[in-house]
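Engineer: any chance you can model this:
(3 chains)
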Amino acid sequence: MKQLVFKEIDGGKPFYMLLGFFGLFVLTALGAAWYMEHNGHWVTGMNNQVVWGTPHVFAVFLIVAASGALNVASISSVFNKTAYKPLARLSGLLAITLLVGGLAVLVLDLGRPDRLIVAMTYYNFKSIFAWNIMLYTGFIAVVGVYLWMMMEHKMNRFTKIAGFSAFIWRLILTTGTGSIFGFLVARQAYDTAILAPMFIIMSFSFGLAIFLLVLMGIYKWSDRPLGDNILLRLKNLLGIFIAAVLYFVLTYHLTNLYITESHGIEQFILMDGGVYTQVFWILQIGVGSLLPLALLYSPATGNSRTWIGIASLLVIIGGLAQIYVIIIGGQAYPLEIFPGKEVASSFADGIVGSYSPSLPEVVLGIGGVALALAATFVGVRVLRFLPTSLADEVIDPHYSAEAEATA
Amino acid sequence: MIKYSLIILIFGLLPGVYTPAMAADASAEENASGPFIPKAQRRYSATQDCVEPTDEMRSNHMKYILDQRDATVHEGVRTRQYSLVECINCHVSDAADAPRVDSEKHFCNSCHTYTGVSIDCFQCHADRPVKSRFLSLTGSDSHPARQPQELANEGAGNE
Amino acid sequence: MSKESNIDIYRRRFLSGSAATAAGLAVAPGVLLTEVAQAKPADAVVTSDVRWGMLIDTNKCNNGCDDCVTACNEEHNLEGFGRPSTDAQWIRKVTLKDKQTGYVQTLPVLCQHCEHPPCVDVCPTGASFKRADGIVLVDKHICIGCRYCMMACPYKARSFIHESLQDQMPYSPRGKGTVESCTFCVHRVDAGMTPACVEACTAENHNAMTFGDMNDPDSELSLQLKQHNSRQIRADLGLNTGVHYRGI
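Structural biologist: I've put the predicted structure just below:
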């Protein structure tokens, strides 16, 4: 295996223009956050029935994807697949930047974002949310240390233990994120243990899709070679993860369909829910799962970079849709306070909660994505996260058996 | 290099020179260069203007408020001495044209605007005394009711 | 202050309170105040010796009556902004129609003040808490407005304040960006009175709502609970709510 060289990407005008482009979205997001905080949340689509909206969809998506983005590094450090080693640094960086982007959106949507210090100093340890605050901030530190071990030659011998710690940490973190919803007894769509492992497998899928896109994007941008070998490995992995997510979704819904008590929520999501049904079938299942699977495994498209990129993008869209259905669809379905009764009141009891995404919310969510991407770009510009080449001969230990033998 | 250091030094020291002079002025209630602090409507008791001496309140009123709020909210302690509602009852007028909290002439805002320390109490708390059924039924402007000698003193002294 | 003078003050307060009550009765004819318990002394910390609860008799609750809701809105100045989806509601009248039999009834739904409140479990800062005497409250000083408690409440009892507020009641602070819900009129309870909704229901002679100390076997509430069958909404969740209902 040829010696790997890590080098920062070039700066210059194109870099600053791209940064400026992302910065524009970040600025508008900050403006949207100020607008929402100053006027109060009545200017958003969120209300007393659907209390978490588009910002939370983006935030949860980014946080889940962040933990999944670390997968590639974990595969190399924990599962000893040397082919993924060159990608480990980017994987760690992406994990941190996606998490920061998600957290920024989450914090800026709070009713009292000025009380962030309160959130970090007053803890109710029975709350999974409180644990998550510590898990998220700790994740940044743990991955930071992991990156340090990888990038500092003298510390390389600790990479494995740091990688293992990061791997366990992110499993706990994603379990915690899924449990935010899984622990809630109040709502028919939640209150189930399967949400925790489902979020873990979702993180695998979304994180890898984003990783693939960012990898292809940066290498194309900086004119560095990216070999087919590594790309195809990642593609196959993505296909497996998409299928695994489908399995969890299937199990979740099949179980609910068996339980008579849950027929209401199932009918809502799968048939009667209007926009939620459409988002579920068309975006989550169709565009987000079945179509990418077909694209990734079909011989006609499976080896083409363009189609792999498109498939990754579709997975991301499907992921956002899935989280939209979980968070917003789950809230829109009315609470079963009086089983067996038709309920009506002045507080929207018994009816599907109305929600439509408002501009400030969407702008804030996109700003989080822009922040993550901007931070990633700054990272690879400033530090040595990326190998100068990921061509086949550089990374694949099995590329040329004779060359190895004669070396 | 030395020229720049001197400039920075001079401008850095200026606030230090400026502030004590302003503080000396601020001790007067009504002074052109200090905050306009409105006079209180009532006394706390026959023997006391306020719940603590003025200097003590100026330095530490935030500490009393912070401690009292936890005691009231979590433990149901509703003593009069450090109650925010009682501060408002004495220090803020409930006249229709009296300054509200967004004005510099509101009692709390008079100093807080001057010192540039923003407070968010009045995002939630009433910024002036309010007459309501509950308050009239409990016999005072807040719970608990004031002692008869305090009620008698009310007319006697704006300081 | 010595303990003795405390009792004196308490006595004087009770007397002046009663005098003011009589004055209040003259001012507001037809208003009946039910003293449920002696007001605790102002400097006393609440303890779990008391557990506040409520019994709502839906058989006496009329379709179309919302005296409790009006009373609550007035007591706490829950001004609406003409935006029903975001306006706060602490108590609401709910109309139930049985899907099988067609039987229709109405009842008020408010914060149930559970013994094991999910909203308290999930609050990341501990702002949502249960007072020692069972009243579930939001400490709005440390509420960050994350609305997780609103997701967690099985009764949809909580409201988020979506806009800047003015003219709050001094005994009921509420502000933009925090979450709130029925407080059992904790300011009244500490003064030895009943919540505004119960008072209004009683004053209008519907007598559908009873409030009292569940730990006191001789309280009106305990006697009623013992005599007549009642149940909690979503009792299956095991939250042991403080609010009980008859007739559902």
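Engineer: CA only for contacts and neighbour counts going forward, please
Structural biologist: OK.
Engineer: nearest the middle, which residue of chain B would you pick?
Structural biologist: residue B:108 (4.4 Å; C-alpha atoms, centre = their mean).
Engineer: show me the contacts for it.
Structural biologist: Contacts here follow C-alpha atoms under 8 Å, 6 or more residues apart in numbering or on different chains; on that basis residue B:108 touches residue B:101.
Engineer: could you measure from it over to chain C?
Structural biologist: Counting by C-alpha to the nearest C-alpha, to the nearest Å, the separation of residue B:108 from chain C is 16 Å.
Engineer: in a strand, that residue, correct?
Structural biologist: No. Residue B:108: not assigned to a strand; according to DSSP: H, G, I helix; E, B strand; the rest coil it is helix.
Engineer: any idea how far chain A is from the residue nearest in space to the middle of chain C?
Structural biologist: Of all residues in chain C, the one closest to the mean position by C-alpha atoms, centre = their mean is residue C:184, 2.0 Å from it. Noted for residue C:184: a distance of 19 Å to chain A, by C-alpha to the nearest C-alpha.
Engineer: backbone dihedrals for that residue, both of them.
Structural biologist: phi 60, psi 30 (degrees, to the nearest 10).
Engineer: so what's it closest to, chain neighbours aside?
Structural biologist: residue C:195 (5.7 Å; C-alpha to C-alpha, 6 or more residues apart in numbering or on different chains).
Engineer: ok, and the closest non-adjacent residue to residue A:115?
Structural biologist: The spatial neighbour of residue A:115 that comes closest, neighbours along the chain excluded (C-alpha to C-alpha, 6+ apart), is residue C:144 at 5.8 Å.
Engineer: secondary structure element holding that neighbour?
Structural biologist: Following DSSP states H and E, one finds residue C:144 outside all helices and strands.
Engineer: the strands in the chain, which residues?
Structural biologist: By default, I'm working from chain A. A:341-345 (DSSP state E).
Engineer: show me the shaky parts of it.
Structural biologist: A:1-2, A:395-407 (pLDDT under 70).
Engineer: for the lengthiest helix in it, packing partners?
Structural biologist: Ordering each helix of chain A by length in residues (DSSP state H) puts helix A:228-258 first. Contact analysis of helix A:228-258 by 3 or more C-alpha pairs under 8 Å, 6 or more residues apart in numbering or on different chains; DSSP states H and E lists helix A:195-221, helix A:263-267, helix A:291-297, helix A:392-395 as its packing neighbours.
Engineer: now do it against helix A:195-221, angle only.
Structural biologist: For helix A:228-258 against helix A:195-221, the angle by axes from the mean of the first three to the mean of the last three C-alpha atoms, to 10 degrees is 150 degrees.
Engineer: quick revisit: surely the residue nearest to residue A:115 and residue A:112 touch.
Structural biologist: Yes. Taking contacts as C-alpha atoms under 8 Å, residue C:144 lies within contact range of residue A:112: 4.8 Å.
Engineer: these two: which has the busier surroundings?
Structural biologist: residue C:144 (25 against 20; other C-alpha atoms under 10 Å in any protein chain shown).
Engineer: so how far is residue A:216 from that one?
Structural biologist: Note on residue C:144: its distance to residue A:216, by C-alpha to C-alpha, to the nearest Å, is 40 Å.
Engineer: kindly report the same for residue B:131.
Structural biologist: 68 Å.
Engineer: same deal with residue B:116?
Structural biologist: Counting by C-alpha to C-alpha, the gap from residue B:116 to residue A:216 is 51 Å.
Engineer: more neighbours, these two?
Structural biologist: residue A:216 (19 against 9).
Engineer: residues contacting that one?
Structural biologist: If you count contacts by C-alpha under 8 Å, 6+ apart, residue A:216 has them with A:226, A:309.
Engineer: how does chain C divide into domains?
Structural biologist: C:1-31, C:36-246 (automatic domain parsing).
Engineer: would you format the ones you listed as TSV with mean pLDDT included?
Structural biologist: TSV is the format used below for the domains of chain C (pLDDT from 0 to 100):
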stretch	mean pLDDT
domain C:1-31	51
domain C:36-246	95
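Engineer: out of those, which one sits most buried?
Structural biologist: With neighbours taken as mean count of other C-alpha atoms under 10 Å in any protein chain shown, the domains of chain C reach their highest mean count in domain C:36-246, at a mean of 20.
Engineer: that one: how far from the chain's middle?
Structural biologist: Offset of domain C:36-246 from its chain centre (C-alpha atoms, centre = their mean, to the nearest Å): 3 Å.
Engineer: ok, stretch A:376-383 next?
Structural biologist: So, by C-alpha atoms, centre = their mean, the centroid of stretch A:376-383 is 20 Å from its chain's centroid.
Engineer: next, the buried residues of that stretch.
Structural biologist: Neighbour counts over stretch A:376-383 (16 or more other C-alpha atoms under 10 Å in any protein chain shown) mark A:376, A:377, A:378, A:379, A:380, A:381 as buried.
Engineer: try stretch A:69-76
Structural biologist: Buried residues in stretch A:69-76 (16+ other C-alpha under 10 Å): A:69, A:70, A:71, A:72, A:73, A:74, A:75, A:76.
Engineer: not counting its neighbours along the chain, what's nearest the fifth one?
Structural biologist: What that stands for is residue A:73. That would be residue A:88: by C-alpha to C-alpha, 6+ apart, it lies 4.0 Å from residue A:73.
Engineer: buried sites along stretch A:3-18?
Structural biologist: A:6, A:7, A:8, A:9, A:15.
Engineer: Provide the backbone phi and psi angles at the fourth one.
Structural biologist: In terms of degrees, to the nearest 10, the main-chain angles of residue A:9 are phi -80, psi 160.
Engineer: next, give phi and psi for the residue in the stretch 151-300 of chain A positioned nearest to chain C.
Structural biologist: Residue nearest to chain C within the stretch 151-300 of chain A (C-alpha to the nearest C-alpha): residue A:186, separated by 4.1 Å. With angles defined as degrees, to the nearest 10, residue A:186 sits at phi -70, psi -30.
Engineer: need the contact list for the closest residue to it other than its chain neighbours.
Structural biologist: Nearest non-adjacent residue to residue A:186, counting by C-alpha to C-alpha, 6+ apart: residue C:154, 4.1 Å away. Taking C-alpha under 8 Å, 6+ apart, we find residue C:154 in contact with A:185, A:186, A:187, A:335, A:337.
Engineer: the third one is in contact with residue A:329, isn't it?
Structural biologist: No. Counting by C-alpha under 8 Å, residue A:187 sits too far from residue A:329 to count as a contact (10.6 Å).
Engineer: show me what from the stretch 201-350 of chain A comes close to chain C.
Structural biologist: Residues of the stretch 201-350 of chain A lying close to chain C by C-alpha under 8 Å from any C-alpha of the partner chain are A:331, A:335, A:337-338, A:340-349.
Engineer: try it again at 10 Å.
Structural biologist: A:330-331, A:334-350 (C-alpha under 10 Å from any C-alpha of the partner chain).
Engineer: can you say which of those residues are buried?
Structural biologist: Neighbour counting over those (16+ other C-alpha under 10 Å) leaves A:330-331, A:334-338, A:341-345, A:347-350 as the buried ones.
Engineer: that older thread, so how far is chain B from the residue nearest to residue A:73?
Structural biologist: Counting by C-alpha to the nearest C-alpha, the gap from residue A:88 to chain B is 46 Å.
Engineer: equivalent analysis for residue C:73, please.
Structural biologist: Distance from residue C:73 to chain B, by C-alpha to the nearest C-alpha: 13 Å.
Engineer: cool, and residue A:7?
Structural biologist: According to C-alpha to the nearest C-alpha, residue A:7 stands 37 Å off from chain B.
Engineer: and what of residue A:203?
Structural biologist: 39 Å.
Engineer: what does residue A:103 give?
Structural biologist: Distance from residue A:103 to chain B, by C-alpha to the nearest C-alpha: 25 Å.
Engineer: many thanks, have a good one.
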